[in-house]
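Engineer: Here is my input; please provide its structure:
(2 chains)
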Amino acid sequence: MGNLIKIVEISKRFGDIVALENVSLDIGSGDIIALLGENGSGKTTLAKILYGIYTPDKGCIEINGICKILTSPAEAKNLGIVMVSQRPQLIDELTALENISIFLNTSVSRIHKNVENLLHEFNIDINVSKPVYTLSYTEKQYIEMIKALLAMPKLMIVDEATTYLPLSIKLKFFNMMKKILANGSSIIFITHKILEALEFSNRIIVLRKGRVVGRFNSDSVTVEELRKTMFEGFGETSTVQVTRQIKDVGRDRKTVLKIDNVSVLDEYSRRAVDNVSLDVKQGEISVIVGIAGNGQKELCEAIIGLRRVEKGRILFEDKDITKLPPSKRIAMGFHYIPEDPFRDGVFLNLTIAENLKVFSQRRIEKEVLLETISKLNIIPPNPIVKVYKLSGGNIQKVAISRIFINIPRIIIAYNPTRMLDEYSSKLVMSALTRFAALGGTALVFSEDLDEALAMGDKIAVIARGKIVKLYDQAMVERAELEKVMTSYD
Amino acid sequence: MIKISIVKREFPLFMSISLRIAIAILGLLIAVTTASFIFQQDLHTTLSLLTTSFLNLNVLRYVSVFLPTALGLIIAYNASLWNLGAEGQIVVGAMGATFIALFTPLGNIEYIGPATSLFFSSIVGALWAFIPIILKIYFNVNEALTTLMMNYIAYYLVDYLVYGPWRGKSVYGYPETDMIPIPCRLQRVVGYSFSLYPLLISLIFIVVIYFFLYKTRVGISIRALSTSSRAVELSGISSIKLAILAFILSGALAGFAGGTEVLVYHRKLVPGSKIGAGMGYISIMVAWLSSLNPIAAIVASYYVSTLYIFSLAIQIGSINIGDAVARIVIGAIFLLTIVSEFISKYKIVLRFEK
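Structural biologist: Predicted structure coming up:
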């Protein structure tokens, strides 16, 4: 196999943060390379350099024997490099179809059929003629994937976009990518999940603090070996355990949040949430699972106050909060970990310290601030760094810090561990379970069944805007949940 | 073939400061060359005119208007709320101060008279800014347009007063009010037309506003508003209240500047366009020249005031041309400022490829 693209000794710094140092990598045609590393190890930076979003301080990318520095995604695209970003890069006001057609530089009518066919193959139901802002985060990622697939790239870069998708869709995506590979293309995918790296790649490159610390062949390496390489000298990952109390399934627990026959409309006055009732009880974590686009985004936004409730009531500790603005609800003790941390969770142009100051309902002491940064292992641990310089996972950590620096009465979370590496997601999950054990209440929306099963005391399945099944955690198997989630399509 | 591409970059603090200084010097050069070319004056004379403008203490007369006004604009612009109505807010502020000084008994009391006048001028300025922000929040009307339009309303409102009910008894028919009582006037520095009190108050404002915007939760949230008002809501702070606060603070500071104009400079109310005299618009440039940083506003307002004085100095003899030249120069510097913003965020890469 010939070399398709060579990354030659690339270094990149952001101010005084070293993001990459002397990273070299040969990408052969037909390669599926997993870039593995914890949050902030430099994976996304490398991908963005390959895609022309960042220019390296040193080094270059060798394509067809010529050393180049790509200066724009357009240039990368002309060379056959396409990236599916961690955060969907779509123009919100345009429809999904228009977005794809702009990217492919062709007309809407010419691609409409192809897009529909692909969606059909994925078994995804999205109206591609709606503006993108009406879609959920995950649905936007589907559009990104389709956009990239249709471009038929020579090198496809997938930046954690697949990590949180339902298994069936992820498998289909990789199968379709393999079709592209048959023509001599290659794939780089970025992940912090060791198992995913092992399963889908043939080579694994481990990054730590901006350096390549290991190169492996996927069929001759163990999970333990990889974990050790990823985290060496970084602290024990196993120190954080998601412990859960055995709770008697309380009949007499107080209902903290009562969702009473709530219906919510989407942007097109369709009923996205249809007569949902749910009691969230004190000391419990209730998880709502479902395939993206089944009304969970709208329900979640209605509960936190970002979306008008069309019918029904929402009661918090017996007070009707249906009409209160979000800020009032937060001040009452709601804490919200949003679906899209970049937009709703943090202030990108402010520093870490300023973000935490705004999140904190009371005056925050400097010690608490520093302690939170180090507890969450935010990299770099420097409070005066602006948040837009952080990696996706670290931005999510900043967004989540709000539950550590406040005393929430109820936590509403949407995919709280999306983008987090193993250590951080365990930390967050254990924080949530501990919070519940101490009498707190949490309502988690999740598209990740492992997360749901690890934390949830109650698990509700949402499909087509209705809660179709409600389980006690102890009573349900993963397979059963998957079956129920998909059987309403 | 030449390939041009635009790449994001980040300047260290030292570089962005040097860039701004370079822009400032470049601006002065433009001012001098245009002026000397148009007036057929040799460069040397024009240059010495500029130097005198720089050292002329009367610069402070303009600083005391530009500084507080720009500080207010900095608050609003940090929240991405486009208040273009400082001009009108200055004018109504002047009206407020005149009202207290001339038509209430407070105007005859020393200390209390000027203090209440300035306080009231801030209130009127804040109220003037309150209207567009409410229209924006509840009716989704673009605040840039309404604030701009309201400048003219302010002009005509004051014109109506000075031509009509407020016209003075001893002004021989001129469109102006009587002079405000002596206890209500702020004392000028001897030989100049500015007073130290408003300057000192403005300096205090700088410290307070810097502290507010960078150290307090509410102030940081105002800056956060420009990134995401949803995220602000979701942190438990009402984005509506923040927007109103940012806007009325900005109106109040412009109103304060208008009040000092009456108490120090005019000492009576004159037609609106004479009070504002475009200074509200120039303050917009001061705010941007300081990169929306309250501390940098001192330097920026001094610099712009100098050019203002310079433009007045070259107007002698041919007022219309002089004014036009002044506007060209100020516009050119504003353009340079915008370009420098761009240069500090992006670099342009030129490459030659076959």
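
Engineer: How about the residues of the stretch 251-354 of chain B by chain A?
Structural biologist: The stretch 251-354 of chain B has residues residue B:349 near chain A, with proximity defined as Cβ under 8 Å from any Cβ of the partner chain. Bear in mind the C-beta positions are built from the backbone N, C-alpha and C, glycine included.

Engineer: Tell me where the stretch 251-354 of chain B has helices.
Structural biologist: Here the stretch 251-354 of chain B has its helices, by DSSP state H, counting those that start in this stretch, at B:272-276, B:279-289, B:296-315, B:319-345.

Engineer: likewise the stretch 201-350 of chain A?
Structural biologist: Secondary structure of the stretch 201-350 of chain A (DSSP H, counting those that start in this stretch): helices at A:223-231, A:296-304, A:326-331.

Engineer: In the stretch 251-354 of chain B, which residue sits nearest chain A?
Structural biologist: Residue of the stretch 251-354 of chain B nearest chain A, by Cβ to the nearest Cβ: residue B:349 (5.7 Å).

Engineer: Please name whichever of the helices of the stretch 251-354 of chain B is nearest to residue A:62.
Structural biologist: Nearest to residue A:62, of all the helices of the stretch 251-354 of chain B, is helix B:319-345, at 29.4 Å by Cβ to Cβ.

Engineer: could you dump the helices of the stretch 251-354 of chain B to a markdown table with mean pLDDT, mean neighbour count and distance to residue B:71?
Structural biologist: Output for the helices of the stretch 251-354 of chain B, formatted as a markdown table (pLDDT from 0 to 100; neighbours: other Cβ atoms under 10 Å in any protein chain shown; distance: least, Cβ to Cβ, whole Å):
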| stretch | mean pLDDT | mean neighbour count | distance to residue B:71 |
| --- | --- | --- | --- |
| helix B:272-276 | 89 | 23 | 17 |
| helix B:279-289 | 90 | 24 | 8 |
| helix B:296-315 | 84 | 22 | 6 |
| helix B:319-345 | 75 | 16 | 18 |
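
Engineer: Among the ones you listed, which comes closest to residue B:101?
Structural biologist: Comparison of the helices of the stretch 251-354 of chain B against residue B:101 by Cβ to Cβ identifies helix B:272-276 as nearest, at 14.1 Å.

Engineer: Report all helices and strands that the closest one contacts.
Structural biologist: Secondary-structure packing of helix B:272-276 (3 or more Cβ pairs under 8 Å, 6 or more residues apart in numbering or on different chains; DSSP states H and E): helix B:86-103, helix B:143-163.

Engineer: looking at those helices, which is buried most?
Structural biologist: Of the helices and strands packed on helix B:272-276, the one with the most neighbours on average (mean count of other Cβ atoms under 10 Å in any protein chain shown) is helix B:86-103, at a mean of 30.

Engineer: what's the angle between the helix or strand following that one and helix B:86-103?
Structural biologist: Using DSSP states H and E, the next helix or strand after helix B:86-103 towards the C-terminus is helix B:112-139. Here helix B:112-139 points in a direction 140 degrees away from that of helix B:86-103 (axes from the mean of the first three to the mean of the last three Cα atoms, to 10 degrees).

Engineer: And helix B:112-139, what's buried?
Structural biologist: B:113-114, B:116-129, B:131-137 (16 or more other Cβ atoms under 10 Å in any protein chain shown).

Engineer: Do any residues in it lie close to chain A?
Structural biologist: No. Applying Cβ under 8 Å from any Cβ, one finds helix B:112-139 out of contact with chain A, separated by at least 12.0 Å.

Engineer: so how far is that helix off the chain centroid?
Structural biologist: With Cα atoms, centre = their mean, to the nearest Å as the basis, helix B:112-139 stands 16 Å off its chain's centre.

Engineer: what's it packed up against?
Structural biologist: Under the contact criterion of 3+ Cβ pairs under 8 Å, 6+ apart, helix B:112-139 touches helix B:86-103, helix B:143-163, helix B:239-260.

Engineer: can you tell which of these is closest to residue A:26?
Structural biologist: Judged by Cβ to Cβ, the one of these that comes nearest to residue A:26 is helix B:239-260, at 50.1 Å.

Engineer: How far does stretch A:11-18 stretch from one end to the other?
Structural biologist: In stretch A:11-18, first residue to last residue: 8 Å (Cα to Cα, to the nearest Å).

Engineer: next one: it to chain centre, how far?
Structural biologist: Computed by Cα atoms, centre = their mean, the chain-centroid distance of stretch A:11-18 equals 25 Å.

Engineer: Stretch A:78-98 now?
Structural biologist: Relative to its parent chain, stretch A:78-98 has a centroid offset of 17 Å by Cα atoms, centre = their mean.

Engineer: Show the average pLDDT along it.
Structural biologist: The average pLDDT within stretch A:78-98 is 88.
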